[in-house]
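Asker: okay, here's the prediction I keep looking at, along with the sequence it came from:
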Amino acid sequence: MSADTSIAGVAAALPIPNLDTDQIMPKQFLRGIDKAGLDRGVLYDLRFDANGAPRSDFVLNQPEYAGCRILVAEQNFGCGSSREHAVWGLVQLGIRAVIAPSFGEIFYSNAMNNGLLLIVVAQLDVDRFMNDVRNPATNRIDIDVARLQVRSRTHLAKFAMSARHRQMFLDGLDLVGASLASVEAIAAFERKHWEEQPWLQSVGAMVRARVC
Amino acid sequence: MSRTLYQKLVDSHCVQRLDEEHVLLYADLHLMNEYTSPQAFAGLRQRGLPVRRPWQNVAVVDHIIPTHPLKHRVIVDPASALQASNLARNCELHGIPLFDTNDPLQGIEHVIAPELGMIRPGMVVLCGDSHTTTYGALGALGFGIGTSEVEHVLATQTLVHRVASNMRIRVDGRLSVGCTAKDLVLHIIANIGAQGARGYVVEFVGEGIAALSVEARMTICNMAVEAGARGALIAPDDVAIEYVSARAPDMKRHLPRAIEQWRKLRSDDDARFDVELSFDACDVGPRVTWGTSPDQSVPIDERVPDPARAGSPQQREAATRALRYIGLEAGASLDGLAIDRVFIGSCTNARIEDLREVAKIVGDRKVDPRVRAMIVPGSGAVRDQAEAEGIAARLIAAGFEWRQPGCSMCLAMNDDVLRPGERCASTTNRNFEGRQGRAGRTHLMSPAMAAAAAIAGCITDVRRLESSHVR
Ligand code: SF4
């Protein structure tokens, strides 16, 4: 196994439901053609004021939460836009895992594709974790991926993870590589599919040529 | 075994079953834009891989593009210009069809794809953009994907898809005068919540849906994602088949055979849905969002709800936070709330039908002088059509800015941005904090309601305006 089976460290509470990817990575950071410098953009309007100065009242700017590796968030974290920049930025900022009652679905896939661990636990568990990590004295969380459990100072919860996602996280499964191994199956599918529905073959080029 | 329409589409595109939850799903069409694709092409280059099926891809410059009224567009911002030229270079390199900055048919990806006849019933369509759900209006399964997945699609023309659960939403009855598909979908989202459909592909059925035009259906499916839906579907009927047939002359030879297949694209009578919900279109009034999540809306004649009465502590906190951001108090009336800006645009509501509706409401009245009102057509074709119909001239005379197509102030990645504190009546799909500009305040509504707001200078009930208007 290439990745650690455990993630431990300082955790911060983000008690905002439906925290969307527009807020996690605002538009002005989407102008690149690479992935560089996205750590600066993470939760920008929450972390920085209108002049770009850090907001001292925001949890990630407080010294007790320096080096934060885990976020405890509310339901539907990462909803909205499909921008994977949100995940790249979190990873660049040093975030290794997010714990929440639920996640936006595209965000979930994006996180899995980048080794950002997303842990779904019940609202009651999240409440307990949040309670603990809001106090700087008890803001550490331990995640054991092998045992599928999360532990804070006063609470322990089990979580589920599909075998596939567990493997992706632990072994860094290369999806493109894996699917390319199925290239024969893809080609066979295409032959049959286009025989049945010839109007679906090369539809992009066909339309582009027609409307030229 | 009986199946839902969604299950049929998954089955007909399943290259391989990967495990209990996942299938390798074939994509008939993959749409790309300039800001979620660059890193995918870079990844491909790193691996030394070709694009498997370049002709089943289409790229569009839409998110960053300036919309100023000048005919020839120059992207001034260097980073954005680089995104556009980079996309053009990637398309050229791989032979991918492109609608570039100054292409007369350029437009928002989800507007041009159906209008140019690219979307056909029974397709699987992928795009690095969450509103790909739009294509459900034509019985095509559309999924928004991330950039890693874009790379995967480029390399393999497939997606590793986690199979979703099935939800059916029935809409009985008909919308009343002054109410539109936008109001209906806002009504549904407000009832089920921003994650009410998370994990589901939603099939919309019933008289209230059947009565809608294809464009109105697109508005519904487009915004299904704001309830968290993975996908949305409406079984193709005569209206949908007519729409596609008229726009896809290249498939004429196959049309009879295709139509025969398209008619089978429906859930079996005894198909099992995991969740069934129903609504009555008669209950829908013109709606306006009061908060910072698309599920926070009320009918115009109701007041801003009191956070204290929200269901859970989390909802209470969210509502309180939203009201603080938007600058409103519990119990406030949205009717009469002054606005600074009106934005009519986006893949939710910038099709020709939307602009016709706006023109109808505006009539010979003028935009309130305190308001800056912009119209950004969804595509070059929509813009041309509106000009040909005389709509553009009428709206310009009324005081609207008539601009070039693009995403514009739907996500404000170009220079169309709200200033801090500005309040905007918007036909877009997301009222998130900062979406239209830092500290900007967005109120989502229908094109008719936005037109009424432009004239009144405040959010107002379009039904009142309509009845007061002497034609
Ligand atoms: S119009 Fe808005 S929602 Fe639609 S694709 Fe553009 S930015 Fe996304």
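Answerer: Great, that's in hand.
Asker: any buried residues in stretch B:421-441, and which?
Answerer: Neighbour-count burial for stretch B:421-441 flags B:422-441 (criterion: 16 or more other CB atoms under 10 Å in any protein chain shown). (Each C-beta comes from the backbone N, C-alpha and C, glycine too.)
Asker: can you get me a residue count around the residue in the stretch 251-400 of chain B that chain A sits nearest to?
Answerer: For the stretch 251-400 of chain B and chain A, the shortest gap (CB to the nearest CB) falls at B:Met251, measuring 3.9 Å. For B:Met251, the tally of surrounding residues (other CB atoms under 10 Å in any protein chain shown) stands at 21.
Asker: residue contacts, the closest residue to the ligand within chain A?
Answerer: Closest residue of chain A to the ligand, CB to the nearest ligand atom: A:Ser81 (7.2 Å). The contact partners of A:Ser81, taken as CB atoms under 8 Å, 6 or more residues apart in numbering or on different chains, are A:20-22, B:129-130, B:411, B:430.
Asker: surely B:Leu418 meets B:Gly440?
Answerer: Yes - in this structure, B:Leu418 is within contact of B:Gly440 by CB atoms under 8 Å, at 2.9 Å.
Asker: find residues that contact each of the two.
Answerer: By CB under 8 Å, 6+ apart, B:Leu418 and B:Gly440 have these common neighbours: B:412, B:424.
Asker: how does chain B divide into domains?
Answerer: B:5-162, B:165-283, B:287-466 (automatic domain parsing).
Asker: which one of the ones you listed lies closest to A:Ile70?
Answerer: Closest approach to A:Ile70 among these is made by domain B:287-466 (19.5 Å; CB to CB).
Asker: would that closest one count as contacting the ligand?
Answerer: Yes - Domain B:287-466 lies within reach of the ligand by CB under 6 Å from any ligand atom, at B:346-347, B:407, B:410-411, B:429.
Asker: now tabulate those residues in TSV and tack on distance to chain A.
Answerer: Formatted as TSV, the residues of domain B:287-466 next to the ligand follow (distance: CB to the nearest CB, whole Å):
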residue	distance to chain A
B:Ser346	13
B:Cys347	13
B:Cys407	10
B:Cys410	11
B:Leu411	6
B:Asn429	10
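Asker: if we can go back for a sec, what strand or helix carries the residue of chain A closest to the ligand?
Answerer: Following DSSP states H and E, one finds A:Ser81 outside all helices and strands.
Asker: number of residues surrounding the residue lying closest to it once chain neighbours are set aside?
Answerer: Leaving aside its sequence neighbours, A:Ser81 sits nearest to A:Thr21 (CB to CB, 6 or more residues apart in numbering or on different chains; 4.6 Å). Neighbourhood size, A:Thr21 [other CB under 10 Å]: 25.
Asker: likewise the one 5 residues further on?
Answerer: Using other CB under 10 Å, A:Pro26 has 25 neighbouring residues.
Asker: out of the helices and strands in chain A, which is least certain?
Answerer: Averaged element by element with mean pLDDT, DSSP states H and E, chain A has its least confident helix or strand at helix A:163-171 (a mean of 87).
Asker: quick check: buried residues in that one?
Answerer: Residues of helix A:163-171 classed as buried: A:164-166, A:168-170 (neighbour count, 16+ other CB under 10 Å).
Asker: and that helix, how far from the chain's centre?
Answerer: For helix A:163-171, the separation from the chain centroid amounts to 14 Å (computed by CA atoms, centre = their mean, to the nearest Å).
Asker: name the residues that touch that helix?
Answerer: A:1-3, A:5, A:112-113, A:115, A:117, A:145, A:161, A:173, A:175, B:18-19, B:21-22.
Asker: the closest residue to the ligand within the stretch 251-400 of chain B: neighbour count?
Answerer: Closest residue of the stretch 251-400 of chain B to the ligand, CB to the nearest ligand atom: B:Cys347 (3.3 Å). If you count neighbours by other CB under 10 Å, B:Cys347 ends up with 28.
Asker: what do you get for B:Asp11?
Answerer: Using other CB under 10 Å, B:Asp11 has 10 other residues around it.
Asker: how about B:Met445?
Answerer: Residues lying near B:Met445 (other CB under 10 Å) number 30.
Asker: what's the pLDDT at the nearest residue to it once chain neighbours are set aside?
Answerer: Among residues not flanking B:Met445 along the chain, B:Val288 sits closest, at 4.9 Å (CB to CB, 6+ apart). Looking at B:Val288, its pLDDT is 98.
Asker: residue contacts, B:Val288?
Answerer: Each residue near B:Val288 by CB under 8 Å, 6+ apart is listed here: B:297-298, B:300, B:334, B:443-445, B:449, B:459.
Asker: longest strand of chain A?
Answerer: For chain A, the strand that runs over the most residues, judged by DSSP state E, is strand A:6-14.
Asker: check whether that strand comes near chain B.
Answerer: No - Strand A:6-14 is not in contact with chain B by CB under 8 Å from any CB of the partner chain; minimum separation 11.7 Å.
Asker: report all helices and strands that that strand contacts.
Answerer: Packing partners of strand A:6-14 (3 or more CB pairs under 8 Å, 6 or more residues apart in numbering or on different chains; DSSP states H and E): strand A:70-73, helix A:123-134, strand A:140-144.
Asker: elements contacting the first one?
Answerer: Okay, so that is strand A:70-73. Using 3+ CB pairs under 8 Å, 6+ apart: strand A:70-73 touches strand A:6-14, strand A:97-100, helix A:123-134, strand A:140-144.
Asker: hang on, the earlier thing: mind listing what the residue of the stretch 251-400 of chain B closest to the ligand touches?
Answerer: With contacts defined as CB under 8 Å, 6+ apart, the neighbours of B:Cys347 are B:108-111, B:131, B:134, B:222, B:378, B:407, B:410, B:429.
Asker: swap in B:Arg321?
Answerer: A:16, B:292.
Asker: try B:Asp77
Answerer: By CB under 8 Å, 6+ apart, the contact list for B:Asp77 reads A:31, B:64, B:414-415.
Asker: and stretch A:182-195, anywhere near chain B?
Answerer: Yes - for stretch A:182-195, a contact with chain B is found by CB under 8 Å from any CB, at A:182-183, A:185-186, A:189-190, A:193.
Asker: in that stretch, what counts as buried?
Answerer: A:182, A:186, A:189-190, A:193.
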